[in-house]
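Participant: okay, predicted coordinates and the sequence, questions at the end:
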Amino acid sequence: MSTGSASGPRVIGGLFLCMWGHPNGLNCNHFIRGYELPTHLREAHGVRGADKLYVECKWDHCGRGMKKESLSRHIEETHMGVEHPCHCGKIFSRRDTLTKHQRSCSA
């Protein structure tokens, strides 16, 4: 959930409400900048360990399992709806896709 307008883009520097679920059924509810997500997950929720470690996404009690290295990207794309715009006007849901596009974009 972004605090921006519903019609505006959700950019990585925007404010987001952390929806990481706790065992008591409540969510974290701290406001974070999108780019602070990995640090917030590590420091506030104890998401630590090797990148290949299998973890469970607890964002809004999602429950999907994945490698820790994929967790932030999963949350940005699936739950936060972060968009990565190019100067040419195209919008990408993944940062790596934007980077690949920019190599051949003339804008």
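Facilitator: It's in. Residues are numbered from 1 along each chain as shown.

Participant: what sits against Arg48?
Facilitator: Arg42 (C-beta atoms under 8 Å, 6 or more residues apart in numbering). For glycine as for every other residue, the C-beta is placed from the backbone atoms N, C-alpha and C.

Participant: I meant to write His74 there.
Facilitator: Taking C-beta under 8 Å, 6+ apart as the criterion, His74 is in contact with 57, 64, 66.

Participant: which parts of the host helix or strand of it are buried?
Facilitator: Counting by DSSP states H and E, the element that carries His74 is helix 68-74. For helix 68-74, a neighbour-count test (16 or more other C-beta atoms under 10 Å) marks 68, 71-74 as buried.

Participant: follow-up on the earlier one: filter the contacts of His74 to the buried ones?
Facilitator: By the neighbour-count criterion of 16+ other C-beta under 10 Å, the contacts of His74 include these buried positions: Cys57.

Participant: will you turn the contacts of His74 into TSV that also has distance to Arg103?
Facilitator: What follows is the contacts of His74, written out as TSV (distance: C-beta to C-beta, whole Å):
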residue	distance to Arg103
Cys57	30
Arg64	31
Met66	27
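
Participant: so which of the contacts of His74 are in strands?
Facilitator: With DSSP state E as the criterion, strands contain Met66 from among the contacts of His74.

Participant: need phi/psi at the closest residue to His61 other than its chain neighbours.
Facilitator: Among residues not flanking His61 along the chain, Gly21 sits closest, at 4.2 Å (C-beta to C-beta, 6 or more residues apart in numbering). With angles defined as degrees, to the nearest 10, Gly21 sits at phi -80, psi 140.

Participant: mind listing what Pro85 touches?
Facilitator: By C-beta under 8 Å, 6+ apart, the residues touching Pro85 are 9, 11, 91-92, 98.
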